[in-house]
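S.K.: Predicted model, plus sequence, below.
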Amino acid sequence: AIILFDGKDLSKWKSCDGGKAKWDVHDGVFTVVRNTGGIETKEKFGSFQLHIEWSAPTVIDGESQGRGNSGVFLQGRYEVQILDNYQNETYANGQAGSIYKQKAPLVNAMRKPGEWNTYDIIYNAPVFNEDGTYRVPPTVTVLHNGVLVINNYSIRGITEYVGHPVVEPHGDGPIMLQDHGNPVNFRNIWIRRL
Ligand code: MG
């Protein structure tokens, strides 16, 4: 596997605006710094297995989508939602482990704020027709804390906040992590090309 974060630095990452990743590395983890923007891997990927660990802030601030929100964007486009969904109601397809606004997780597998959650994500990159539509859509499987929450789902397009998913042709892309304004923590990230 390729180690994307080993607790020391963000050398495998950059800011989505092209500069250095501005998130805070401390105590073997890193934390979203509000309003600094998302970060993404310097390397790009096609199909992969990804392991990532995250924890929601221990200070409960906000509710629904405003609480412990971040996200893992596959090939920079397709969001597996990160949210503090521990005793925090929100819309079904916006829960932790959802394919945002497309597919609700099969179950809520959240641990408490401050406890570590794991995502194991198996992703198959799409194949495109000449007209830019999917010939083979991207598919994704997600385990949240070892529990299957997304079972080989065919992604319908970019995970938009509002409106229907848009399909646009693309090649390999980065793993992107979202700055949604909440200090979510991350550790132990690795990826294996498939
Ligand atoms: Mg999000």
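M.R.: Happy to help now that I have it.

S.K.: Secondary structure element for the closest residue to the ion within the chain, which one?
M.R.: The ion sits closest to Gly71 of the chain, with a gap of 3.3 Å, by C-beta to the ion. Glycine gets a C-beta too; all of them are placed from N, C-alpha and C. Taking DSSP states H and E as the definition, Gly71 sits inside strand 70-74.

S.K.: Just the CA atoms of the following helix or strand past that strand, as CSV, please.
M.R.: Counting by DSSP H and E, the element after strand 70-74 in chain order, helix or strand, is strand 78-82. Taking Å, rounded to 0.1, in the frame of the first residue of the first chain, the C-alpha atoms of strand 78-82 are listed here in CSV:
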residue,chain,number,x,y,z
TYR,A,78,-17.6,11.5,-5.5
GLU,A,79,-18.2,12.2,-1.8
VAL,A,80,-18.3,9.5,0.9
GLN,A,81,-19.8,11.7,3.7
ILE,A,82,-18.0,12.3,7.0
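
S.K.: what does this structure put close to the ion?
M.R.: Asn69, Gly71, Gln178 (C-beta under 5 Å from the ion).

S.K.: again, only using 6 Å
M.R.: Proximity of the chain to the ion (C-beta under 6 Å from the ion) is limited to residues Asn69, Ser70, Gly71, Glu79, Gln81, Ile82, Gln178, His180.

S.K.: before we move on, the earlier item: which residues does the strand holding Gly71 contact?
M.R.: Strand 70-74 has contacts (C-beta atoms under 8 Å, 6 or more residues apart in numbering) with 32, 38, 40, 50, 52, 54, 79-83, 100, 119, 121, 123, 138, 140, 159, 173, 175-180, 182, 184.

S.K.: starting at the chain centroid, how far to that strand?
M.R.: Here strand 70-74 is found 2 Å from its chain centre; the criterion is C-alpha atoms, centre = their mean, to the nearest Å.

S.K.: quick one, that strand and strand 78-82 angle?
M.R.: Interaxial angle, strand 70-74 versus strand 78-82 (axes from the mean of the first three to the mean of the last three C-alpha atoms, to 10 degrees): 150 degrees.

S.K.: Give me the sheet partners of strand 70-74 and which way each runs.
M.R.: strand 78-82 (antiparallel), strand 176-177 (antiparallel) (DSSP bridges).

S.K.: returning to that earlier point: who wins on neighbours among the residues of the chain next to the ion?
M.R.: Greatest neighbour count in the residues of the chain next to the ion, by other C-beta atoms under 10 Å, goes to Ile82: 28 neighbours.
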